[in-house]
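[1] Can you look at this prediction? I've put the sequence above it.
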Amino acid sequence: MTDPTLDQIAAAQADARNMMKTTLGSDGPTSGTSPIIERYLVRLPLDNRCAHLRAVPLQPMFLLMPTDLWRCRDCVAAYAANPLQLTDVEENTCDNCRRHFPGQGASFTPFVFRQDLLMLQGSACDECTASFETKGVTVKDL
């Protein structure tokens, strides 16, 4: 007999992989801990999450940078319909290193990382994008 909690975890992980495959054409890593995601979890712990994730934690969780709130699928869809209006400073700040690049000179590459149930979305400066790639993370233009 299988553990129902393990079945729920496996189903939620499969759901997260399927969303990545459907929207980005890649389901990301299949096992292991991403050092990039691990670092984000220290900075943006799972304690700050929507009420739906607190009630039912075994489902895909989304973090849309620069916010620090983990959202369920419904809450991320509602947020996408009415996104936060970023200031000029935040628009020109890397979501990874948090360095600010004043003016219009900097270019940022969108990223989406998935680890198990967790999906993070943001934009990284050129230096951080190169750093991701040295860690074996492929960053592709979206």
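    Now that the structure is in, tell me what you want to look at.
[2] Nearest residue to Thr5 in space, please, no chain neighbours.
    Excluding the flanking residues, the one nearest Thr5 by C-beta to C-beta, 6 or more residues apart in numbering is Leu58, at 7.5 Å. Any C-beta I mention is one placed from the backbone N, CA and C, and that applies to glycine too.
[3] and the residue lying closest to Leu69 once chain neighbours are set aside, what is it in contact with?
    Among residues not flanking Leu69 along the chain, Asn48 sits closest, at 5.6 Å (C-beta to C-beta, 6+ apart). With contact set as C-beta atoms under 8 Å, 6 or more residues apart in numbering, Asn48 has these partners: Asp68, Leu69, Trp70.
[4] Out of the residues you listed, grab the one that's most surrounded.
    Counting neighbours by other C-beta atoms under 10 Å, Trp70 leads the contacts of Asn48 with 25 neighbours.
[5] so the most centrally placed residue in the chain bridges to which residues?
    In the chain, the residue lying closest to the centroid (C-alpha atoms, centre = their mean) is Leu120, at 0.4 Å. Legend: beta-bridge partners of Leu120 under DSSP bridges are Leu63, Phe113.
[6] isn't it right next to Met65, touching?
    Yes. Contact status for Leu120 versus Met65: in contact at 6.9 Å, counting by C-beta atoms under 8 Å.
[7] ranges for the strands of this protein?
    Ranges of strands within the chain are 61-64, 70-71, 108-115, 118-125, based on DSSP state E.
[8] Just the buried residues of the last one, please?
    Of the residues in strand 118-125, Leu118, Met119, Leu120, Gln121, Gly122, Ser123, Ala124, Cys125 count as buried by neighbour count, 16 or more other C-beta atoms under 10 Å.
[9] Alright, calling it a day.
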